[in-house]
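Trainee: Build me a structure from this.
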Amino acid sequence: MELKTIDKAALAQLPAEQFTGRIEIIQTLDRAVKAVKFLMDQPLVGFDTETRPNFRKYDNHKVSLMQLSTPDICFLIRLNRVGLFPELREFLESEKVTKIGLSTKDDFHVLNRLAPIEPKGFIELQQLVKNYGIGEASLTKIYALLFGKRISKAQRLSNWEAVELTLAQQRYAALDAYACLRIYNQLVIRN
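Mentor: Sure thing, here's the model as predicted:
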């Protein structure tokens, strides 16, 4: 079986995708606990994290943001404000909710710097897409192949520890988590 791929030139020609759901920025523990309680009742949740980029060899920043998305709402949990609180750890370690992400091993590595976790209930898209003839490993390229739209990565190297997240950062972060959920739904649930 020949694996489907897309080159950078073709990717650049595609229209940009936008997350059209509601985005909630979570900066207090009270709101974070309520968000996680809501998510514990969802069957599927898209997952991603953001960490302030390192521009010098010995800079090591902690994970700043966790994005958790349903089809309609994405919670941007500012971990640099609320930490990896017990209810969130319970969510990450629960098999009750299926969580879908890409490069989750990297996410778990940075999360373990905050507190030890044993993630359960996760589906790794980089492994899953191979079963569907997709020969790409990046979220942007997988999404482009499935939906004919491009996910802009312009905000990837922005400061995720900023006092306020810009609207562009919010949209980028929400789309990354939502895209994981949408890819899974397209491949597994609708096929």
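Trainee: Which helix or strand lies directly C-terminal to the helix or strand harbouring Ala144?
Mentor: Ala144 is part of helix 139-147, with elements assigned from DSSP states H and E. Heading C-terminal from helix 139-147, the first helix or strand you meet, by DSSP H and E, is helix 167-184.
Trainee: list the buried ones in the helix holding Ala144?
Mentor: Of the residues in helix 139-147, those with enough neighbours to count as buried (16 or more other C-beta atoms under 10 Å) are Leu139, Thr140, Lys141, Ile142, Tyr143, Ala144, Leu145, Leu146. (C-beta placed from N, C-alpha, C; glycine too.)
Trainee: Closest one of the residues you listed to Lys4?
Mentor: Ranking the buried residues of helix 139-147 by separation from Lys4, with C-beta to C-beta as the measure, puts Leu145 on top at 5.4 Å.
Trainee: quick one: contacts for the closest one?
Mentor: Contacts here follow C-beta atoms under 8 Å, 6 or more residues apart in numbering; on that basis Leu145 touches Lys4, Thr5, Ile6, Ile134, Glu136.
Trainee: for this structure, what spans make up the strands?
Mentor: Taking DSSP state E to define them, one finds strands in the chain at 22-26, 44-51, 63-69, 73-78, 98-101, 122-124.
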